[in-house]
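1. need a 3D model of the sequence below.
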Amino acid sequence: MTNGSINQLAEKHKKFMEQIAIFPYEYHKNNRVYQRVHFYRFTTKLYWNFLFTPYDLSYKEAKEAFYSFVLIEDYMKNKLSKINDYASKDYSTGYFGYRNDIHMRLVNDPEFIPVSEEVNSIIDSINYVENALAKIREQYKEYTEILKKIKSAGYFTDIQLNQLRQILGECLAIQFEQGLMQKKLLDQTRVLYDFMGRNNLIKGELKSIFKRTELMVDQNSFRKVDASLHKFGNIEVLKEKSHDELVKIQIDEYERDYYRALNEDFIKRRVRNPEVQSSNG
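-> All right, here's what the predicted structure looks like:
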């Protein structure tokens with residue numbers, strides 16, 4: 001059905017003071033083409049009413065199409081860009097520069113043999129963070145490529161929607177996991193900081209490393225990392241989950257409010273297709 005045809009159909013269902021917005025991308029599923037019209041009023045942002053084509057679609061079809069349109073609309077707002085911005089910051093003079101200095105100056109220094117395990121762990125932890133951020137950037141590239149294809153083709157499929165969902169879950173899971181590693185890193189630097197101070201290894205070339213280690217163990221650093229981790233949910237519960245479990249949890253958490261607020265009762269009341277209005281669910 002063309003936009004002109006669906007617009008004519010929508011006009012028949014439009015009520016007083018309502019405006020019409022046709023979603024710009026079709027939904028293709030099982031050789032069926034779905035379109036969505038949104039009826040809204042300028043007087044309120046909470047006024048949601050819809051019409052779908054095919055006009056005679058069943059309640060079950062309408063329900064599946066409803067959530068697919070709602071989710072793709074949200075995923076196409078590209079909220080993942082904020083995570084990519086975080087992963088794309090220049091850490092060369094921060095974490096990565098600190099790691100490089102430790103590797104060059106402390107790894108082979110006999111004076112640091114008592115804390116060699118912690119020194120190597122610091123390096124490994126920062127390597128982990130660097131690789132995690134690189135993975136997020138790669139995932140984001142794939143995400144934006146999918147969005148470009150949808151915009152170019154003018155329609156989306158379940159495959160593309162599920163790819164976007166999976167990528168978002170992956171990026172959130174990776175972000176949480178590298179946050180845990182940052183917390184571990186701060187504990188490791190505390191051992192190094194105490195050792196350097198206790199043995200007066202804070203002079204000459206070591207002074208700069210000591211100062212940067214001091215910044216790492218500042219209580220503000222711990223608070224910032226904890227605050228970031230708490231945004232994902234219960235840290236103690238989540239840290240025991242596998243990566244795949246974290247991905248699913250993050251997807252479910254991200255989409256939870258849609259399924260809770262836009263439930264079956266909402267669909268029956270707000271979708272104006274005749275079969276949906278008359279259905280018993």
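2. report the distance from the longest helix seen in the chain to the chain centre.
-> In the chain, with assignment by DSSP state H, the single longest helix is helix 158-198. Per C-alpha atoms, centre = their mean, to the nearest Å, the displacement of helix 158-198 from the mean C-alpha position of its chain is 14 Å.
3. going C-terminal from it, what's the next secondary structure element?
-> Next along the chain after helix 158-198, taking DSSP states H and E as the criterion, comes helix 206-216.
4. what angle do the helix or strand just after that following helix and helix 206-216 make?
-> Going down the chain from helix 206-216, the next helix or strand is helix 219-230, by DSSP H and E. Here the directions of helix 219-230 and helix 206-216 differ by 50 degrees (axes from the mean of the first three to the mean of the last three C-alpha atoms, to 10 degrees).
5. the inter-axis angle of the longest helix of the chain versus helix 206-216?
-> In terms of direction (the same axes, to 10 degrees), helix 158-198 departs from helix 206-216 by 130 degrees.
6. now do helix 158-198: which elements does it pack against?
-> The helices and strands touching helix 158-198, judged by 3 or more C-beta pairs under 8 Å, 6 or more residues apart in numbering; DSSP states H and E, are helix 59-75, helix 80-87, helix 116-153, helix 206-216, helix 219-230, helix 243-261. For the C-beta atoms, the positions are set from N, CA and C on the backbone; glycine is no exception.
7. what sits up against the first one?
-> Among residues not part of helix 59-75, those counted as contacts by C-beta atoms under 8 Å, 6 or more residues apart in numbering are 23, 25, 27, 29, 32, 34, 36, 50, 52, 57, 150, 156, 158, 161, 164-165, 168, 255, 258-259, 262, 264, 267-268, 271, 273, 275-276, 279, 281.
8. now which of those residues would you call buried?
-> Listed as buried from the contacts of helix 59-75 are 23, 25, 27, 29, 34, 36, 50, 52, 57, 150, 156, 161, 164-165, 168, 255, 267-268, 271, 273, 275-276, 279; burial here means 16 or more other C-beta atoms under 10 Å.
9. mind listing what the nearest residue to residue 213 once chain neighbours are set aside touches?
-> For residue 213, ignoring the flanking residues on the chain, the nearest one in space by C-beta to C-beta, 6 or more residues apart in numbering is residue 193 at 4.6 Å. Neighbouring residues of residue 193 by C-beta under 8 Å, 6+ apart: 210, 213-214, 216-217.
10. go again using 7 Å as the cut-off
-> 213-214, 217 (C-beta atoms under 7 Å, 6 or more residues apart in numbering).
11. so which of those is surrounded by the most neighbours?
-> Of all the contacts of residue 193, the highest neighbour tally under other C-beta atoms under 10 Å goes to residue 213, namely 23 neighbours.
12. please report the distance of it from residue 40.
-> Taken as C-beta to C-beta, to the nearest Å, the spacing of residue 213 relative to residue 40 amounts to 56 Å.
13. again, but for residue 59
-> Applying C-beta to C-beta, the value for residue 59 to residue 40 is 23 Å.
14. one more: residue 122?
-> Distance from residue 122 to residue 40, by C-beta to C-beta: 54 Å.
15. cool, and residue 191?
-> For residue 191 relative to residue 40 (C-beta to C-beta), the value is 58 Å.
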